[in-house]
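*Asks:* predicted model, plus sequence, below.
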Amino acid sequence: MNENYINKNNIDSEHRIESVINDCKVTIYFSKNRNLLVERNVLENLLDTFENRMNAQIGC
């Protein structure tokens, strides 16, 4: 990502998550503009994933 794109789209280049999925490097960048709806959806998905993992591990 070039500096022009980062500045134009108000991307926080310091705040990112990187992972490798099936030999493909994935980088998620965050916007400097907070979006509460997106934040809520991400948190709900994380909680659902956590709950599903716990159910699978301990059978609750």
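*Replies:* Yep, that arrived.

*Asks:* pull the residues that contact the helix or strand Tyr29 falls within.
*Replies:* Taking DSSP states H and E as the criterion, Tyr29 maps to strand 24-31. Residues outside strand 24-31 that contact it (Cβ atoms under 8 Å, 6 or more residues apart in numbering): 1, 9-13, 15-20. To be clear about C-beta, it is placed using only N, CA and C from the backbone, and glycine gets the same treatment.

*Asks:* okay, the most centrally placed residue in the chain: pLDDT?
*Replies:* In the chain, the residue lying closest to the centroid (Cα atoms, centre = their mean) is Ile28, at 5.9 Å. On the pLDDT scale, Ile28 is placed at 86.

*Asks:* so what pairs up with it in the strands?
*Replies:* Ile17 (DSSP bridges).

*Asks:* how near is it to Glu51?
*Replies:* In this view, Ile28 and Glu51 are 22 Å apart by Cβ to Cβ, to the nearest Å.

*Asks:* where exactly do the helices run in the protein?
*Replies:* For the chain, the helices defined by DSSP state H occupy 3-8, 36-58.

*Asks:* alpha carbons of the first one, as CSV, please.
*Replies:* Read that as helix 3-8. The C-alpha coordinates for helix 3-8 follow below in CSV (Å, rounded to 0.1, in the frame of the first residue of the first chain):
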residue,chain,number,x,y,z
GLU,A,3,1.6,6.4,1.3
ASN,A,4,-0.8,8.3,-1.0
TYR,A,5,-3.5,5.6,-0.6
ILE,A,6,-3.0,5.5,3.1
ASN,A,7,-3.4,9.2,3.6
LYS,A,8,-6.3,9.5,1.1
